[in-house]
Every structure is written in C-alpha cells, then in structure tokens.
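# Need the 3D shape of this:
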Amino acid sequence: MANIDVTTCKVALISGGWSDEREIALASGCACEKALHQAGFERVDFIDIAEKGAVSKLENGNYDVAFIAMHGLYGEDGCIQGLCEILHVPYTFSGVLASAMGTEKQITKTLYKAAGIPTPHGYEITKDQKIDEQYAQKLVDELGLPIFVKPATNGSSYGVSRVTSAEALPGAVKLACADGDNALIEKCVVGTEITVPVIGNDEPQALPIVEIVTGAEFYDLKVKYEPSSLHHVIPARLSEKAYKLAQQYACEAHKILGCRGASRSDFIVTADDEPVLLETNMIPGMTETSLLPDSARHAGIEFPELCRKFIEFALERA
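This next block holds a predicted model:
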C-alpha cells in the first residue's frame, strides 16, 4: 500500500439505509464525504442505499472501493457487506461474518468470556417469552437493581432502558424488542464509563481511551449527540493498570470477532480497576466529533487522514 496513491481511487460512499439509525448514518456519511475530499480524493459518489436505483449505481459505477457509513441493521450486521462481496467491490470495516457476530450482543459476550474478557452477567429474552411477576422478581433477585435492558442487535442506545423495579421489566423488554426479536437483560456494572477505539486489520492499534462523563443515568441518545467537549475526557482518568488492560481487551475483542479497519469497545471500569466489556461497535459514529475520530485526533490523526487510512485498510485486505 505504501507505493499506491489511494486518493486516485473511485469511492462509493454508502450511507443512509433503513434502520432507526438512518439519520445518524447520513450525518456520518456527509462528514466522511467531506473528509475524503479534504484528504485528496476527487472521485467520491455519495450513495443513499435506500434510494431507488442505488444498487444499480453501485454495481455499474466501476468503483475501486466502497466506504460504508451506515449504522444499525443492514449497515453493521453483514447485509451491506454481503452486497459488496457479491458485486466484488472492496469495502471499509469488517466483513460479513464479523459484522454479523458483532451485531449479536449475546454472541459477542460468549466470545468475550471464551477469551477471558470480563463482561456483565445477563440473559437473552425473546419477544414472545412471557415475563410474569414471578420471573421478573427472579431476575431482580439474581441480577440486582438497577438492571439494563437493551435490544440484542441494535446500537446507538435505541431501545435501552435502565430498570429500577421488577414491575418495569416487562415494559422495558417490550421496548427493546420493538424492532427485533430479542432483548438482553444485564446486571448493572458501576464504575467509570469508557470507550476504546481500535484501528487496523491483523495488527490492531488501540487509540487513546475516551472517558464518558454525563449527568444522565447512562450514555443515552440525548447525551450521545451533544457536543463532544461536554462529555469526552481524553485520555481517560484511569490507573495505568486499568488503562493498559482496557486497551488490551479492546484489541483482543477486535481480533476474536475478526474486525477489520476499525472497532470501538465500550467498558465500565470498576472501583477495583477491572474493565468490564459491554459491547463492540463494528462501525462507530463517523462525524468529526464522534468518539473514534475525537480519540484519533488526540493521537495526532486528523479526520481526513483517518478516513484515508480506512480506505487503505480496505484495500490492504482486498
């Protein structure tokens, strides 16, 4: 790759889509399109994959590479990746299998545990499973309060509830299952909330850890899209032991899931300096103030250079 000027590539910037994260994806797509132009790419076509004729445009556009700026279902779960594979278009970020596994939170938790990475105790519940008073109380007795209920396959804090009573559990599960089949009920881990961005393919590099500071009960949608300066502390205020361990776990998660290009793992660091891994994001937010780009900037990688690196990682894999 060192001898190839990737800025000569014709890029299909795939964004939009049909998930409840469509608007966020479009924001990421617009930011990445601008950054690619700033990095020297002259041939970048913005494709909202949900628009009529988008697939034909992708198929017939003679693109050298696709830059995927989609979040949630169809974008991070292997669907758009599968389309790119069929069309023989190299693409940024993880492949079909890694994307599919990374989107299913219960699968990722199984892999974390197999690798010895701490993750919260919990259960996966189907939308058809009855949560009666007895079962709700059983979960509360085992997991304690509060409990987090979240969609098993969604992202960006959609459908996530912080439950403080057994009576509220059925409603939270219904909300989490609104756009899918399963919900994840997890023990609440108390501590410092951090995220660890990772970039690269076979030899991933952990970027500076971001500590997330909010006045909310958790890092919800409202907080997530407020100015980053209000909520991001970089580098995170952790002990040296916890800092190194969190970066190690994030790189291990990147590798065991088979991630490519980038990932971002979210943790809670407990009072005894143990990073507990909540989930790994396959295509993190990609606006200039999003967590991964904000961290990269503190590592000396400006957003246009970061987007160029993602193209390089995609072509390296291809």
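# going forward, measure contacts between C-alpha atoms and count neighbours the same way
OK.
# Let me know the outermost residue of the protein.
residue 134 (34.7 Å; CA atoms, centre = their mean).
# For that residue, which residues are in contact?
By CA atoms under 8 Å, 6 or more residues apart in numbering, the contact set of residue 134 is empty.
# which element is it on?
helix 133-143 (DSSP states H and E).
# For residue 87, give me the pLDDT.
If you check residue 87, the pLDDT there is 98.
# For it, grab the count of nearby residues.
Using other CA atoms under 10 Å, residue 87 has 13 other residues around it.
# And it, how close does it get to residue 47?
Using CA to CA, to the nearest Å, we find residue 87 at a distance of 15 Å from residue 47.
# Is the residue lying closest to residue 124 once chain neighbours are set aside bridged to anything, and to what?
Excluding its sequence neighbours, the residue lying closest to residue 124 (CA to CA, 6 or more residues apart in numbering) is residue 184, at 4.5 Å. Beta-bridge partners of residue 184, counted by DSSP bridges, are residue 124, residue 150.
# Surely residue 184 is in contact with residue 152?
Yes. Using CA atoms under 8 Å, residue 184 makes contact with residue 152 at a distance of 5.3 Å.
# Can you check which residues contact both of these two?
Residues touching both residue 184 and residue 152 (CA under 8 Å, 6+ apart): 105, 106, 124.
# Which one of those residues is nearest to residue 195?
If you rank the shared contacts of residue 184 and residue 152 by distance to residue 195 using CA to CA, residue 105 comes first, at 16.4 Å.
# Spit out the contact partners of that closest one.
152, 153, 184, 279.
# hang on, residue 214 packs against residue 233?
No. Here residue 214 lies out of contact with residue 233, judged by CA under 8 Å, at a distance of 10.8 Å.
# Just the pLDDT for the residue nearest to residue 213 when sequence neighbours are not counted.
Distances taken as CA to CA, 6+ apart put residue 231 closest to residue 213, at 4.7 Å, once the chain neighbours are dropped. pLDDT, residue 231: 81.
# Hmm, residue 58 and residue 10 touching each other?
No. Look at residue 10 against residue 58 with CA under 8 Å: they stay out of range, at 11.4 Å.
# Roughly how far does residue 75 sit from residue 278?
20 Å.
# who's more crowded, these two?
More neighbours surround residue 75 than the other of residue 75 and residue 278, with 26 against 19 (other CA under 10 Å).
# Just want to check the distance between the more buried one and residue 185.
24 Å.
# what does residue 299 give?
Where residue 185 is concerned, residue 299 sits at a distance of 35 Å (CA to CA).
# which of those two has more neighbours?
Taking neighbours as other CA under 10 Å, residue 299 and residue 185 compare with residue 185 leading, 26 against 13.
# all strands of this protein, in order?
11-15, 44-48, 65-69, 122-126, 147-151, 161-163, 182-187, 192-200, 205-206, 210-212, 232-233, 261-269, 275-281 (DSSP state E).
# Columns distance to residue 239 on top of those, output as TSV?
Putting the strands of the chain into TSV (distance: least, CA to CA, whole Å) gives the following:
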stretch	distance to residue 239
strand 11-15	39
strand 44-48	43
strand 65-69	34
strand 122-126	28
strand 147-151	27
strand 161-163	28
strand 182-187	24
strand 192-200	11
strand 205-206	17
strand 210-212	12
strand 232-233	14
strand 261-269	10
strand 275-281	11
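# Pick out the residue closest to the middle of this structure.
Centre-nearest of the chain using CA atoms, centre = their mean is residue 281, 1.9 Å out.
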